[in-house]
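Chemist: any chance you could fold what I've pasted below:
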Amino acid sequence: MLSPQVTPSALRHHHAAGSNSTQGTCWHPDDVQQQESPLVMKHVFLTGPPGVGKTTLVKKVCEAVVSAGVTINGFYTEEVRESGRRVGFDVVTVTGDRGRLSRVSSEPAAGRHEYRVGQYAVDLQSFESLVLPLFRDTREGSRRVFVIDEIGKMELFSQAFIRAVRQTLDASSCSIVGTIPVPKGKPLALVEEVRGRQDIKIFMVTKENRDSLCDDIVSALQECLK
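Modeler: Got it, this is the predicted structure:
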């Protein structure tokens with residue numbers, strides 16, 4: 001596993017232009033102008049197109065903060081492939097427990113309601129049984145990092161998950177490092193809430209910057225934990 005070196009670095013940011021101008025605070029390493037934020041930042045989120053490397057980057061950030069003695073909890077979303085073909089997604093906790101999130105399904109299951117995103121059938125019961133208990137540790141105790149990878153269409157079928165995320169965003173005991181999708185089609189209410197909060201730093205991940213963002217994200221997260 002990679003153990004990136006954590007070095008202090010100046011954080012440069014901008015308010016995203018155009019339609020994103022009112023959506024939170026978006027950070028990009030190529031910007032040179034620095035502005036003061038009126039609020040203390042509590043959480044860090046990554047956004048970017050599918051497959052750009054958001055989950056890989058979150059894992060590197062978590063390795064770095066764990067090596068600095070910070071307690072973490074939460075989950076990642078990982079692709080499941082068979083013979084080189086993507087057949088679904090699993091959720092994996094930071095301690096390695098794994099559960100099904102979705103699988104390719106050509107026809108709805110007979111006799112029961114099925115949650116679907118495109119060709120994928122979402123296993124809501126499996127997702128909730130693994131992920132929801134993780135949120136219990138965010139309500140009290142010492143400062144820690146909570147991983148939410150990701151807040152997307154599949155996860156948002158769960159109303160209990162939505163409530164848990166909102167409670168954690170407002171909790172004083174932890175800082176979230178999470179991922180959200182880029183806007184596409186019908187807006188996702190909780191994702192737009194995240195974009196609109198003034199206590200969240202949002203990093204745009206691209207193929208060009210993904211290998212150089214880790215230190216900046218770690219530094220931002222360390223500021224959130226102060």
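Chemist: start to end distance for stretch 144-162?
Modeler: 20 Å (CA to CA, to the nearest Å).
Chemist: oops, could you answer that again for stretch 183-198 instead?
Modeler: Using CA to CA, the end-to-end distance of stretch 183-198 comes to 18 Å.
Chemist: how distant is that stretch from the center of its chain?
Modeler: Relative to the chain's own centre, stretch 183-198 is displaced by 13 Å; criterion: CA atoms, centre = their mean, to the nearest Å.
Chemist: average pLDDT for it?
Modeler: Averaged across stretch 183-198, the pLDDT comes to 94.
Chemist: now stretch 84-104
Modeler: In this model, stretch 84-104 has an average pLDDT of 96.
Chemist: quick one: buried residues of it?
Modeler: For stretch 84-104, burial by neighbour count (16 or more other CB atoms under 10 Å) applies to 88-94, 99-102. Just so you know, the C-beta spots here come from the backbone N, C-alpha and C atoms, and that holds for glycine as well.
Chemist: among those, which are in helices?
Modeler: Secondary structure defined by DSSP state H assigns none of those to helices.
Chemist: so which of those are in strands?
Modeler: Taking DSSP state E as the definition of strands, those contribute 88-93, 99-102.
Chemist: quick one on the thing from earlier: Throw the buried residues of stretch 84-104 into JSON lines and include distance to residue 70, thanks.
Modeler: Rendered in JSON lines, the data for these read as follows (distance: CB to CB, whole Å):
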{"residue": "88", "distance to residue 70": "31"}
{"residue": "89", "distance to residue 70": "27"}
{"residue": "90", "distance to residue 70": "25"}
{"residue": "91", "distance to residue 70": "22"}
{"residue": "92", "distance to residue 70": "20"}
{"residue": "93", "distance to residue 70": "17"}
{"residue": "94", "distance to residue 70": "12"}
{"residue": "99", "distance to residue 70": "25"}
{"residue": "100", "distance to residue 70": "29"}
{"residue": "101", "distance to residue 70": "26"}
{"residue": "102", "distance to residue 70": "31"}
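Chemist: which member of those is positioned nearest residue 59?
Modeler: In terms of CB to CB, no member of the buried residues of stretch 84-104 lies closer to residue 59 than residue 94, at 9.0 Å.
Chemist: ok, now how distant is residue 73 from residue 94?
Modeler: With distances defined as CB to CB, to the nearest Å, the gap from residue 73 to residue 94 amounts to 6 Å.
Chemist: shared neighbours of the two, which are they?
Modeler: Counting by CB atoms under 8 Å, 6 or more residues apart in numbering, the common neighbours of residue 73 and residue 94 are residue 147.
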